[in-house]
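Colleague: Would you be able to build a 3D model of this:
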Amino acid sequence: MDPHPNNPGSPPYTEPHDWITGYLTVHSMSKPSYRVAFALWIIIAAFFLIGTVVHLTGTSKPFWFAHWSKWALRRRTWRKHAGKKEAEKTGKPHRQPTPLPSNSQLLSLGFIFILSMILCFVGPDYIAPRRPAGIPDGPAPPSTLQNREVDHKQIAEYVAYYTINKSWWTVAGRTGNIAFALFPLCILFALKAAPFALFALPYTTQFSFDKLSTLHRWVGRLIYFITSIHVLSWSIQLATTKNPVTNRTTYIYAWLYPPFVWGWAAFVPFTLLIASSFRFFRYNFYETFYALHVFLVPITLFTAGMHHPSVGWWCWSALIIWVAERAWRGTWWFWVNGIFKRQIPNAPPREKSLSHMSRKSSISSLGLKGTANLDTISEYTDYEAPLLRKHSRVPTRVESLMSPPSTYVPPPGYALAELMPGKTIRLTVLTPACRPWAPGQHFLLSIPSINKYTSHPFTVGSICDQESSNPAGRVLIFFIRAKAGWTKTLWDTTVALGARDKFHCDGEEPPQGTYPPERGVLLRTFVEGPFGSVARTDWIEYSSVLLVAGGSGVSFALSVLVYLCLCLSGRASKYLGGQAKPFSRVSRVRFVWLAREFSHISWCASIVRRCMALVPGSALQVDIFVTNVPKDKKPTTPAAPGTEGTKPPRLSWTPSKSPVSLNPTGAAPSMEDVSLEAGSRGPGHLAPPEERRPRPVSISSFSDDHNSLLMPNPHEGGPGRYGDGGLKGKDYDYEMGMDGQNGQFQEDSTYDVLDYTHFNGDLDAEVVPAEESFSRRLRQEGALRRKLTRKMTMGMGMGMEAGGHQDQESLWADLGQQVASPTLIATPGPGEYFTPPNSSHGHKGEHAQTMHEGADEDTMGRDARRSSIPPYLQKYAELGKRDATKSSRAQRLERTSMSSIRDNIMDVSAVQAMLPKTGKGARGEEVALQFNDEEVEDMLAMTEYAWPGRPMLDKLLREEVKLAKGPLVVACCGPTQLSASIRKIVAAQIDPVKIKAGDQTGYISCVTEEFEY
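Modeller: Predicted coordinates for the structure are as follows:
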């Protein structure tokens, strides 16, 4: 008889329940065998500390870290063309390629998997426990406990006090132990709110759920895989052994043992939990997936803890953390949304409610135009934000930089939903209380009129100005594209209310005294957040920032753009949601947006235009690429040899119709200080020459730099709207080029253009014909404005060479009456110009500012006109100087040509007359888009920055690397394929050799906003 059998004997009880209790007690793992679970957490904690140290070192990384980054950044996709073919064949919405985790995530998952497998199977399973006093050596005699009740003290005589290498029951016990130990890790990966989300704490790795969601899902699946081995091994063990008294299989008696039943009670809901978490179910039935998750997680953890109480504390700790984090989030949710103490507007009582009245009747009864400025809002709103600074240096009567001009601020607890082109809704939310957020973070939105029980994540497109003295400084702005499900219902509801001329839902009457908006509808909205790993990025530690956005991902880029522009203008970052730093190192920002239609420019034209007005032109470059180019254009005929230099590039500045008014008090500008005053015009508002932005490419060839950035698309010749991708055009705006020189990485052109602008579910085939026509007209507008700018540049050169100062002044004054500049420079008071801080040394002080004094307004106007050509455009002006000897007749013809272009440029009234209707709602309703005059003017001005086609992102990044004076960060938010391409391009540009030589321009950080809930 083997003295150390793999299957120790069991007490021979005659009562079935007593026998199975003794059997399973004897076949339980010893306490020393639990060491593998502690080893797992010791190793995880060590790597966690390493990640924390790497994060806290900031941008100061050793050269070897660059090698790691080059590999770790990359993220691959597959089935790139399957989604396009399926959409063309079936008419279903476009689907993104299937994403794989990034290399760093794959490495983390591989490490956790291999470590778990080693701890599950390497070495002996059962470690010999310490023999208690009084227990004799060797196995207990078979008849010791015959016909006696269960006595655990005597059962100890049957326990194996020796090491067992492998057996079915030891494998089952060891895998179950590791599965239990992984539960807390899986839960920690899923948590969103500090302090319970340990990985999201600022002094640790500061990774939130958006970056850990992949790890959470796959660790959950790993736990299920290990649990399945546990279940299978125990099933084999129980099926192959029998009760010696009855000679029946042990599996039959196992159901009499309560912990065994608890085990199956845990495994069944765990199976449902895993099955509902796969991408297909999550994507198509998100509400059901979320409800099952919230319902099944605590059930699984509770029943698992009851299954094996001796190690159940792993499950109890995971459950306690999960419940505590939910309670913590719920507390903040109640506070932010004013559930316990709603702010009551202190408006005077009205004789009748507005709930039964239409929008026009409500506005008429109040004697309003339909929009309320912030003075009016503050009169009827009890505004108090406990977490915001109480002593603000920002004036109270201001307009929000992040909102459209003459903005309407909704009442606290409500959202203003406005219809935008592209079946998009701009949602402006004001919460009763405020939690500051970092640029680019996201929130969970719940709108009871759409769905009472679910919330959905959306990236915020605004920043939180803690120095603002009014609500506009803390409004949340979201751009939500209608797809299917929740977003489609939101669109249909907004369209239906607009068609009925209602400004709120039935049963959701806004607080008494609320002014009705002129356009859009008010919806009761609850907000939870902020969340997002982007808070770990210290933007102002970099010398250059490149923002790349695709489609509705522009929300992320807008938030970061406004934050950086305010920091460049002298504002303190710690009051704008950023990290507290004494000064900013940022000297250059580039904003690149890939949009599908020209009409989509309206989403953010006002915001971007004000950002361009807030900082010097050399510090900000804006490029918008529109990928849907009509198929009715013919390819460009190449220029004749020797004539390439006769076409100057577009000038990034024209005389301003709508100059910027900075804060007259002299304080540093804020989100709310930049207002574009319509009606101001003339040469007195020209830009100081040193403040216009340089072009990044060599100007010796006099060729438009965007021509070499645009990329042809040989894979887009399919039917319908999957057309030309920028290959075709009839003027110089549509020239294309490729660049793969010097052995550098050249971007892969095997793509579908929708992969860069459309998220899963975005509908491309439902573009309204009127909206498509509107987009074509905006495209023409941009081309006309660029052409006019070039001619004006040459005209300036002619005027300076020929001494024709008076003619040049008249030219600017004449054209300035109709042409609004996209780069609006401040219109200061007499003798005052805002000078940004020295970009090479950062912003020393929290609110740096400098004013030029001692000149009268007329002198300033003449000086600005005299030197109105920036240094980087002097070579372009030389073209005009060479033509200064032209006859007066030739010059008159040139002036006539410019006048003809000017006459074709649209004005605000023309655009207002042709605004298209939206897509139909659920019941066929159609509502015309509405914009105020300031928004239309912004839209027209920004068309000059909108180029048809798709950029060569690799070449674009190389330009920024050449211009960078230190570390560079690239931030991207867009569809899966765009994010994967940016990661690949950034990885190719990282240069460890430069870093080793002390040149920090070789290191490029990459921040991507990509997550799936």
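
Colleague: Start and end of stretch 190-208, how far apart?
Modeller: Chord length of stretch 190-208, first to last residue, is 8 Å (CA to CA, to the nearest Å).

Colleague: got a list of contacts for it?
Modeller: The contact list for stretch 190-208 (CB atoms under 8 Å, 6 or more residues apart in numbering) reads 48, 51-52, 55-56, 188-189, 209, 212-213, 216, 321-322, 324-325, 328-329, 332, 531-533, 535-536. All C-beta spots, glycine's among them, are computed from the backbone N, C-alpha and C.

Colleague: for that stretch, which positions count as buried?
Modeller: 190-194, 196-197, 199-200, 204-208 (16 or more other CB atoms under 10 Å).

Colleague: Which residues belonging to stretch 961-974 are considered buried?
Modeller: 961, 963-964, 966-974.

Colleague: which one of the buried residues of stretch 190-208 is nearest residue 243?
Modeller: Nearest to residue 243 among the buried residues of stretch 190-208, counting by CB to CB, is residue 190 at 42.8 Å.

Colleague: what is the rounded mean pLDDT of stretch 993-1004?
Modeller: Averaged across stretch 993-1004, the pLDDT comes to 86.

Colleague: Going along the chain, name the strands of the stretch 301-450 of the chain.
Modeller: Along the stretch 301-450 of the chain, counting by DSSP state E, counting those that start in this stretch, strands occupy 414-420, 424-430, 442-446.

Colleague: pull the longest helix from the chain.
Modeller: helix 769-802 (DSSP state H).

Colleague: Report the rounded mean pLDDT for it.
Modeller: Averaging pLDDT along helix 769-802 gives 75.

Colleague: Could you list every helix and strand that it packs against?
Modeller: helix 805-816, helix 874-882, helix 888-904, helix 933-942, strand 946-948 (3 or more CB pairs under 8 Å, 6 or more residues apart in numbering; DSSP states H and E).

Colleague: So what angle separates the directions of that helix and helix 933-942?
Modeller: Interaxial angle of helix 769-802 relative to helix 933-942 (axes from the mean of the first three to the mean of the last three CA atoms, to 10 degrees): 60 degrees.

Colleague: Residue 22 is nearest to which of the strands of the stretch 301-450 of the chain?
Modeller: Of all these, it is strand 442-446 that lies closest to residue 22, at 51.3 Å by CB to CB.

Colleague: Could you measure from residue 914 over to residue 929?
Modeller: Distance of residue 914 to residue 929, given as CB to CB, to the nearest Å: 10 Å.

Colleague: Any chance of TSV for the strands of the stretch 301-450 of the chain, columns mean neighbour count, mean pLDDT and distance to residue 66?
Modeller: Below are the strands of the stretch 301-450 of the chain laid out as TSV (neighbours: other CB atoms under 10 Å; pLDDT from 0 to 100; distance: least, CB to CB, whole Å):
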stretch	mean neighbour count	mean pLDDT	distance to residue 66
strand 414-420	24	92	41
strand 424-430	24	93	39
strand 442-446	22	94	30
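
Colleague: how far away is residue 234 from residue 472?
Modeller: Distance of residue 234 to residue 472, computed by CB to CB: 63 Å.

Colleague: Oh, that last question was meant for residue 6, not what I typed.
Modeller: 73 Å.

Colleague: Tell me which of the two has more neighbours.
Modeller: When neighbours are counted by other CB atoms under 10 Å, residue 6 and residue 472 differ, and residue 472 comes out ahead with 25 against 15.

Colleague: Am I right that residue 625 falls within a strand?
Modeller: Yes - when DSSP: H, G, I helix; E, B strand; the rest coil is applied, residue 625 is found to be in a strand.

Colleague: can you tell me which residues contact it?
Modeller: Residue 625 neighbours (CB under 8 Å, 6+ apart): 592-595, 710, 946-951.

Colleague: Of those, which one scores lowest on pLDDT?
Modeller: Within the contacts of residue 625, pLDDT is lowest for residue 710, at 61.

Colleague: For burial, what's the neighbour tally of residue 494?
Modeller: Neighbours around residue 494, by other CB under 10 Å: 24.

Colleague: what's near enough to touch it?
Modeller: Residue 494 neighbours (CB under 8 Å, 6+ apart): 417, 419, 425, 520-521, 523.

Colleague: Quick check: of the residues you listed, which lies closest to residue 453?
Modeller: residue 523 (16.1 Å).

Colleague: Please settle this for me: is the closest one part of a strand?
Modeller: Yes - counting by three-state DSSP, residue 523 is found in a strand.

Colleague: Quick check: it vs residue 504, distance?
Modeller: 7 Å.

Colleague: One more: residue 925?
Modeller: Distance from residue 925 to residue 504, by CB to CB: 17 Å.

Colleague: neighbour count winner among these two?
Modeller: residue 504 (22 against 17).

Colleague: If any of the contacts of stretch 190-208 are buried, put those into a PyMOL selection.
Modeller: Typed into PyMOL, the next command selects the buried ones out of those (criterion: 16+ other CB under 10 Å):
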select buried, resi 51+52+188+189+209+212+213+216+321+322+325+328+329+531+532+533+535+536
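
Colleague: pLDDT weak spots in the stretch 251-400 of the chain?
Modeller: Low-confidence segments of the stretch 251-400 of the chain, defined by pLDDT under 70: 341-400.

Colleague: Over to the stretch 651-800 of the chain?
Modeller: 651-752, 763-767, 794-800.

Colleague: related to what we said a few turns ago, would you mind giving the strands of the stretch 301-450 of the chain as CSV with distance to residue 755 added?
Modeller: Shown next, in CSV, are the strands of the stretch 301-450 of the chain (distance: least, CB to CB, whole Å):
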stretch, distance to residue 755
strand 414-420, 22
strand 424-430, 19
strand 442-446, 22
